[in-house]
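# With the sequence up front, the predicted model follows.
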Amino acid sequence: MVSKRESMKMEISTCLEQALDNLQSIWEEIGICQENRTERQNTVLLHMRNLLEEMVSEEKELRNRLLTSVETCGEEIFKLSQELAVAPYEAEEGLTILQLEKRLRLEVETLNKEKDTRMGELKELKDVEQQLCDMLCTTPYYIATGTIPSKEQLETLQEHINTLTAERDSRQATFTSTKRAILSLLNDLEQGPNTSFEREIICEEEDSFTLSKENMEALHVLQSELEHKLQENQRTAEELRERITSLWNRLTVPQEERQEFLEQTTGHKPTILKMLEDEANRLDLLKKQNIEKVILGSRDELEAWWEKCYYSREQKNSFAGFYEDEYTEELLEQHDQQLALVKIYYEDNKEIIELVKKREVMWKKMLEFEKRANDPNRFFSNRGGKLLQEEKERKKINKDLPKLEQSLSDRIQEFEESKGRPFLVDGCRFVDYVAAQWAAHEAEKQMAKSKRHQAKKKETEKEMLHGSRPNTPAKRPRLPPSSTNNTPKRRKGLNGSVAPSPRWCSSTFMSPAARLPPKGSHTSMARTPHKLRNTPARRKALADANSHSSHKEAPSMFSMSTVSGNTGHGSNMSDSITSTCTTYSDFAKELDSANRENYRSSTLPSPKGPRSFSRIGLL
């Protein structure tokens, strides 16, 4: 197979022969001599040689250019790779010069595009950063000028910008809120901006304020100074109000005048402070004019503070000026000094005193609940679960009171260790005070218990001597007559009295003594019907029997016996009687006495009515 190079040679030879043949034919036709033909042939050869040499030279130049381009691109790739902080490009093996040059040229273009992208991004980030740094007065992130930033540097720069943006927003919000607070403080202090910095804050636009650290610190300092002034004004106003109130109390100023003044002087602005100072000075002048009245008012106030601080009688008596009768400025000054000392003592020990007060309230509640628990009538006033609620509160107090006492004891112990002096409540240490209260409470409970035992013992002895006392239930109050009452009406007799119900009834007698009934007898314990117990006739009979027994000086307490019987033919039943006899014979005689007509008895046949019988049960 003929190679491409041999084929090209053959083609060139053929073209050359044809050209020479054509030239030879033309020369013959023209009539050019042989010598000129030889010259022309040499010229053709020279042209051919020059053309080929020129072509070879051009191709060599192309090769050199390609090699130069490869070298240049390689150097540029190496430089850009270092600047961009990327790995340098490595060409594949076996590439021709033209392929290698093309690959390197494309790599250079890619790296240059990356360089341009990074430089553009760097410029944008630097502009934003510079604006933030100017606003916050901070140093920008350093990247050498003229260098290509790496991806890590660009990321760090972006994070720095994000941090600056967050800091700017935070400072801006702080500035806005602080500016509002400063405006409010200046309004409360009734003053305007005095310095250039204050005018910059108040009068200028918020965007024009430089949010530097120094300005922010100065802003906080200004706010703190204004708040301190406001607190001073508040403290001064409170002191003036306390002073005015104390003078009002001492001078007994009417409540209407006080209320009117207080409504006009609310707050603590300088104008209000001026009004309070004027009022205090006016009252001071009145105080001097009414020295006796003021001293007496100071004593009342001092006594109130003494009670508030749980002072004992000895502590109160230590102030001798309290009992002097010569009212002078010096005596008033002594009272003011003593009052100031008591107030300082209260403020220094306010937490402990308030806890002692809380404990006293709980103690009184505990005593009240114990008193209610011993009241037998508490069940009759149980409305809406009141007893259950009281029981829950009582258990809670019994649980919380010891805890509070223990906590208070620990606080007082810390106070005594730190101050080096005891904390007194009513002149004694708190622990002794509490112990004395509990001891007195236990003694009172034991005394009440002893009294109950003694009363019960006496009652038992009396019952053993005279018999048991009837345990009559308490009578219910009568309802007033009403036309709307739906209760069925009872039949009334001719005299207006209520007729008894035709059923088995019972009569109550006083037994002479506690005896056993005879064998074989039947004891009836029927109760008196409710409707017959409240009849007026029965109460009259009891009153007559009691008056009769009192003349005989008989004992007043006996055991009760019940007599039950049945009425015959629906006749009216007589009232129950109370016997005051001490023996059974006296009891029998009593039935036959002149007062028999006032008693109701079914033991013997009634002389006026049909015969009726009943069984008698004796205890």
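Arrived safely, thanks for sending. Just so we're clear, the structure is a prediction, and the values are computed from it rather than from any experiment.
# which residues of the stretch 151-300 of the chain fall in helices?
Taking DSSP state H, counting those that start in this stretch, the helices of the stretch 151-300 of the chain run over residues 151-189, 196-203, 213-251, 255-264, 270-289, 291-308.
# got TSV for those helices, with distance to residue 447, mean neighbour count and mean pLDDT too?
From N, CA and C alone the C-beta is placed, and that goes for glycine too. Formatted as TSV, those follow (distance: least, C-beta to C-beta, whole Å; neighbours: other C-beta atoms under 10 Å; pLDDT from 0 to 100):
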stretch	distance to residue 447	mean neighbour count	mean pLDDT
helix 151-189	63	15	88
helix 196-203	76	14	83
helix 213-251	42	15	89
helix 255-264	46	11	90
helix 270-289	51	15	89
helix 291-308	28	17	87
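# nearest to residue 443, of those helices?
Closest to residue 443 of the helices of the stretch 151-300 of the chain is helix 291-308 (C-beta to C-beta; 25.6 Å).
# Kindly reformat the helices of the stretch 151-300 of the chain as a markdown table containing distance to residue 335.
Formatted as a markdown table, the helices of the stretch 151-300 of the chain follow (distance: least, C-beta to C-beta, whole Å):
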| stretch | distance to residue 335 |
| --- | --- |
| helix 151-189 | 35 |
| helix 196-203 | 46 |
| helix 213-251 | 9 |
| helix 255-264 | 22 |
| helix 270-289 | 11 |
| helix 291-308 | 4 |
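# Which of those helices sits closest to residue 39?
Using C-beta to C-beta, the nearest of the helices of the stretch 151-300 of the chain to residue 39 is helix 151-189, at 73.1 Å.
# so that closest one versus helix 270-289, what angle?
Inter-element angle recorded for helix 151-189 and helix 270-289: 40 degrees (by axes from the mean of the first three to the mean of the last three C-alpha atoms, to 10 degrees).
# I'd like to know which elements helix 151-189 is packed against.
Counting contacts by 3 or more C-beta pairs under 8 Å, 6 or more residues apart in numbering; DSSP states H and E, helix 151-189 is packed against helix 97-136, helix 196-203, helix 213-251.
# Tell me who's in contact with residue 179.
Neighbour list for residue 179: 201-202, 206 [criterion: C-beta atoms under 8 Å, 6 or more residues apart in numbering].
# pLDDT score assigned to residue 547?
pLDDT for residue 547: 41.
# Let me fix that, I meant to ask about residue 30.
For residue 30, the pLDDT comes out at 89.
# ditto for the one 3 residues further on
On the pLDDT scale, residue 33 is placed at 87.
# my guess is residue 161 meets residue 129, correct?
Yes: with contact defined as C-beta atoms under 8 Å, residue 161 counts as touching residue 129 (5.3 Å).
# sorry, back to before: can you add distance to residue 183 and give the helices and strands packed on helix 151-189 back as TSV?
Listed next are the helices and strands packed on helix 151-189 as TSV, based on distance: least, C-beta to C-beta, whole Å:
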stretch	distance to residue 183
helix 97-136	23
helix 196-203	7
helix 213-251	10
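# circling back to that earlier point, show me which of the contacts of residue 179 is closest to residue 140.
For these, the closest approach to residue 140 (C-beta to C-beta) belongs to residue 206, at 23.8 Å.
# The closest one - how many residues pack around it?
By other C-beta atoms under 10 Å, 11 other residues sit near residue 206.
# From residue 179, how far off is it?
Going from residue 206 to residue 179 by C-beta to C-beta, to the nearest Å gives 7 Å.
# The nearest residue to residue 302 once chain neighbours are set aside is in what secondary structure piece?
Excluding its sequence neighbours, the residue lying closest to residue 302 (C-beta to C-beta, 6 or more residues apart in numbering) is residue 339, at 5.4 Å. If you go by DSSP states H and E, residue 339 is part of helix 329-348.
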